[in-house]
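Asker: predicted model follows, preceded by the sequence.
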Amino acid sequence: MPYKVLIIPGDGIGPEVVDAALYVIKAAAERFGVELEMKMAEAGDVALRKYGVAMPQETLKLADAADIIFKGPIGESAYDVTSLIRMRYTLYANIRPVKNLPGVPALKEIDCVFVRENVEDVYVGAEYRVGGVAIALKIITEEGTRRIARVAKRYAEMRRRKVTVVHKANVLRVVDGLFRDVALEELRELEVDQMYVDAAAMELVRNPARFDVVLTTNQYGDILTDLAAQVAGGIGLAPSGNIGDAKAMFEPVHGAAFDIAGKGIANPIAAILSGAMMFEWIGRKEAADAIRFAVEKSIEKDVKTPDIGGRNTTLEVGKYISSIVSG
């Protein structure tokens, strides 16, 4: 049976990078005999203006029926789309690999995987205002922490068996203290260290080679992965997967970048590498490896967008990478 994939192009540069990525995804699916049943749907700022809601009911029905959601970045309505999808389908593990690409200038050598808890923390949206006071609840559960720590453990066992737990338990003694204590208990069979989030941010710039698997909470992971992406050469190269027990969503880490939308200069590599993660999730590692090889070959042959020193358009890069994947 084919995998049901819902494509949400998103806002700003989203449709451009998703279009380029689809050339690559379709080439990999054809070459390696992966059946994908793709459907397209609107969500985000454009949908909000058009229908009055950022996540129309028809899109939600298609998302319910899909095995995989492949999504471009969303603009101002990101909470009503991205967070809704994560919460609705309990996509509790946000996996963000960060690794240098040959030929791309970078601040430092880095090769690590961030395992970010994805459905708790202040991002649950429990915010209130009482007069001149605004309140946001930070939710950390033992169950959610054990669940994400086990994901970090699986990644560590495939790599160097080392995990860094990032928190701020010296100040947030109860919520971050719970996250730290439960994570350390789950990871006790591995080499584990822990860092406060501010120190981890500094260390990612100073000595990123010290990290292998980084386990952290939702908000800290959101911020640290953008920083790490820049260390590796730019956020236009950063893919991600939102993983649950039965469904997953793949998307580039970057935002909608409205300032360059429509100019054909957005880097599609983050979206393309998110496609590689998609194939890996369904157990087709050969397709994922072919995509990653093709991305590196594209950079080697100087077929790349201006943000990393090239002169090609978004679509030219996508089509070139797809031609390599096709063999």
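Answerer: Okay, I see it. Numbering: from 1, shown residues only.
Asker: mind checking the SS state of Ser323?
Answerer: What DSSP: H, G, I helix; E, B strand; the rest coil gives for Ser323 is helix.
Asker: I meant Phe114, not that one.
Answerer: strand.
Asker: which residue packs closest to it, ignoring adjacent ones?
Answerer: The spatial neighbour of Phe114 that comes closest, neighbours along the chain excluded (C-beta to C-beta, 6 or more residues apart in numbering), is Arg96 at 4.3 Å. All C-beta atoms are positioned from the backbone trio N, CA, C, and that covers glycine.
Asker: assign a three-state SS to the one you found, would you?
Answerer: strand.
Asker: how close does Val104 get to Leu224?
Answerer: Going from Val104 to Leu224 by C-beta to C-beta, to the nearest Å gives 20 Å.
Asker: who's more crowded, these two?
Answerer: For Val104 and Leu224, the more surrounded residue by other C-beta atoms under 10 Å is Leu224, and the numbers stand at 22 against 18.
Asker: contacting residues for the more buried one?
Answerer: By C-beta atoms under 8 Å, 6 or more residues apart in numbering, the contact set of Leu224 is Phe114, Val166, Val197, Ala200, Ala201, Leu204, Val214, Thr216.
Asker: the first one contacts Thr216, correct?
Answerer: It stands for Phe114. Yes - counting by C-beta atoms under 8 Å, Thr216 is a contact partner of Phe114 at 7.0 Å.
Asker: between these two, who's got more neighbours?
Answerer: Per other C-beta under 10 Å, whichever of Phe114 and Thr216 has more neighbours is Thr216, with 30 against 27.
Asker: how about that one: what's its closest non-neighbour residue?
Answerer: Using C-beta to C-beta, 6+ apart, the closest residue to Thr216 is Val166 (3.9 Å).
Asker: for whichever strand or helix holds the one you found, the distance to its chain's centre please.
Answerer: Element membership of Val166, judged by DSSP states H and E, is strand 162-167. Relative to its chain's centre, strand 162-167 lies at 19 Å (C-alpha atoms, centre = their mean, to the nearest Å).
Asker: give me the contacts around it.
Answerer: With C-beta under 8 Å, 6+ apart as the criterion, strand 162-167 contacts 152-153, 156, 176-177, 179-180, 183-184, 187, 190-197, 200, 210-217, 220-221, 224.
Asker: show me where this protein has helices.
Answerer: Ranges of helices in the chain, per DSSP state H, are 14-32, 45-51, 57-65, 78, 84-88, 142-158, 175-186, 197-206, 218-232, 269-281, 285-300, 314-326.
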